[in-house]
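A.B. asks: I need the structure of the sequence given here:
(4 chains)
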There are 2 protein chains.
Amino acid sequence: MLEKKGPSAVEIADWIRGQIRRRRLVPGQRLVEIDIIRQTGGSRFKVREALQRLDAEGLVDVEEFRGASVRNATMEEVRQLYQARGAMEGICAADFTARATSDEKAELNAVAEEMELCVAGPSPEQFARLNAQWHNLIMTGAGDHVIKGIVQRLNTPIHHLVFETFYRGERLRAAVQDHRVVVDAVMDGDAQAAERAMRTHVINGLEFLSRLDESVHFGED
Amino acid sequence: MLEKKGPSAVEIADWIRGQIRRRRLVPGQRLVEIDIIRQTGGSRFKVREALQRLDAEGLVDVEEFRGASVRNATMEEVRQLYQARGAMEGICAADFTARATSDEKAELNAVAEEMELCVAGPSPEQFARLNAQWHNLIMTGAGDHVIKGIVQRLNTPIHHLVFETFYRGERLRAAVQDHRVVVDAVMDGDAQAAERAMRTHVINGLEFLSRLDESVHFGED
DNA sequence: GACGACGAAATTATTGACAATCTCGTCGAT
DNA sequence: ATCGACGAGATTGTCAATAATTTCGTCGTC
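C.D. replies: Residues are numbered from 1 along each chain as shown, chains lettered A, B, ... in the order given. Sure, this is the predicted structure:
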């Protein structure tokens, strides 16, 4: 799976995180050490260290003598993760407005325009890729690398939920409109407005998800 | 050190985190496995798992074949941690306003009043204890346990910095005033105002620290 | 005296064997 | 047929021995 002779604990954790993001590992599923050792080629020490890292992140649950399993986030937990993410990405939007170069702002605008075209095409994967690129551009251009790291860790448990919403055309259209408001504020140099718009955008995603949850309850096991 | 026969990785991590918070372990200092094993009574496995947890938190730096050392936060890192903390505690203040019981609000007010009396007495430890209690009351009463967990993890690298500011009378008086504004907004039921006030309060702490840093540079090694 | 190669000491990483614990199916008594 | 005790298998926890790597002091050469 990994070509190097000895993957580090971080690399193994990344691998497991990737499996969870792709839904190859689903909430509640047990993570048996031996299987991970076989699939990653890591030593037992490294695998257990990786599991502890993920437990510290809140992504898996490690219990004494019972091993690790993928944690199942409750709707309340999801709500708080979205709230936190909205607040932190809001900060980044404000910092981006104040600190990003004009090249970076132009690129942000370009990606937003590409997403506007992508709304029509029925490709959630493409839209999700552009969406991640757009959000990352802002956090990187803002220079808030610490906050970016926090957001990305917070995102893992809700990653598939975000993706889920991209199958709904109404959500795509709303997201594109939200992005436009953010980009406009950035271009105007209005940091406060950019922050508000970004936070609103993320909370909109949460509320869309809540309505979905009420009718479908796809997050249970 | 710990009375139980086998402390878990979480307990060892807590112990190390406590040592760092008390400045018994300072940034740059190396964490030798054998020493931690002797002091905590944990097994080698558990100690290494604990170090990985702390590395995931960003509190220590684990390098291949070189072991762990306490990370040294830059001023820019501190700024981002404060920004994130301010945003998240702001959310909690809003949620507290909307969701806390009147008993909890009364207790918050009581602690704030106790702090006002404590400004005169020259006991930074007592003030710090009350301060932590006040902030925790809000996060707990808001029901935002996930966010509370995030904030507490973010806080560790800057804990001693916060404490440092409590030796300055001007900071104590300013903090007490900030708290008063938050409590008033909570009592008025104005969630938005509570959020703004809380965020301002945390950012004020950061700015006080920045001014301190410019003149003293006590954070270097 | 400065510089670099060498090697001993310290520390971390890996491995295998074994102990402790949990899970789950089976069997027997009522 | 139902319930509980028992035990085999699976999985995790611990320990000790060894390998791999870094660190740092020493020595020799220029």
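A.B. asks: So what's the gap between stretch A:74-83 and the chain middle?
C.D. replies: In terms of C-alpha atoms, centre = their mean, to the nearest Å, the centre of stretch A:74-83 is set 13 Å apart from its chain centre.
A.B. asks: centre of the chain versus the lowest-mean-pLDDT helix or strand in chain A, how much separation?
C.D. replies: Scoring the helices and strands of chain A by mean pLDDT, DSSP states H and E places helix A:159-165 at the bottom, with a mean of 88. Offset of helix A:159-165 from its chain centre (C-alpha atoms, centre = their mean): 9 Å.
A.B. asks: If you count contacts, what does that helix end up packed against?
C.D. replies: Where contact means 3 or more C-beta pairs under 8 Å, 6 or more residues apart in numbering or on different chains; DSSP states H and E, helix A:159-165 is packed against helix A:124-141, helix A:191-216. (C-beta placed from N, C-alpha, C; glycine too.)
A.B. asks: For the nearest residue to residue A:198 once chain neighbours are set aside, grab the count of nearby residues.
C.D. replies: Leaving aside its sequence neighbours, residue A:198 sits nearest to residue A:93 (C-beta to C-beta, 6 or more residues apart in numbering or on different chains; 3.7 Å). Neighbour count of residue A:93, defined by other C-beta atoms under 10 Å in any protein chain shown: 30.
A.B. asks: Quick check: the gap between residue A:93 and residue A:132.
C.D. replies: 16 Å (C-beta to C-beta, to the nearest Å).
A.B. asks: Over to residue A:15?
C.D. replies: 19 Å.
A.B. asks: Counting neighbours, go ahead and name the busier of those two.
C.D. replies: Set residue A:15 next to residue A:132 and count neighbours by other C-beta under 10 Å: residue A:15 wins out with 18 against 15.
A.B. asks: Verify the stated contact: the more buried one with residue A:9.
C.D. replies: No. Using C-beta atoms under 8 Å, residue A:15 is not in contact with residue A:9, being 10.7 Å away.
A.B. asks: tell me which parts of chain A are close to DNA strand D?
C.D. replies: With the criterion set to C-beta under 7 Å from any atom of the strand, chain A comes near DNA strand D through A:30-34, A:48, A:62, A:64-68.
A.B. asks: what do you get if the cut-off is 6 Å, keeping everything else the same?
C.D. replies: A:32-34, A:48, A:64-65, A:67 (C-beta under 6 Å from any atom of the strand).
A.B. asks: give the contact list for residue A:157.
C.D. replies: A:58-59, A:71, A:73, A:77-78, A:81 (C-beta atoms under 8 Å, 6 or more residues apart in numbering or on different chains).
A.B. asks: Then residue A:13?
C.D. replies: Applying C-beta under 8 Å, 6+ apart, one finds that residue A:13 lies in contact with A:50-51, A:53-54, B:56.
A.B. asks: got a list of what the nearest residue to it once chain neighbours are set aside touches?
C.D. replies: Of all residues not flanking residue A:13 in the chain, residue A:50 sits nearest, at 4.1 Å (C-beta to C-beta, 6+ apart). Residue A:50 makes contact with A:9-10, A:12-13, A:16, A:36, A:42, B:52, according to C-beta under 8 Å, 6+ apart.
A.B. asks: Make JSON lines out of these and add pLDDT.
C.D. replies: Listed next are the contacts of residue A:50 as JSON lines, based on pLDDT from 0 to 100:
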{"residue": "A:9", "pLDDT": "92"}
{"residue": "A:10", "pLDDT": "93"}
{"residue": "A:12", "pLDDT": "93"}
{"residue": "A:13", "pLDDT": "94"}
{"residue": "A:16", "pLDDT": "94"}
{"residue": "A:36", "pLDDT": "94"}
{"residue": "A:42", "pLDDT": "91"}
{"residue": "B:52", "pLDDT": "94"}
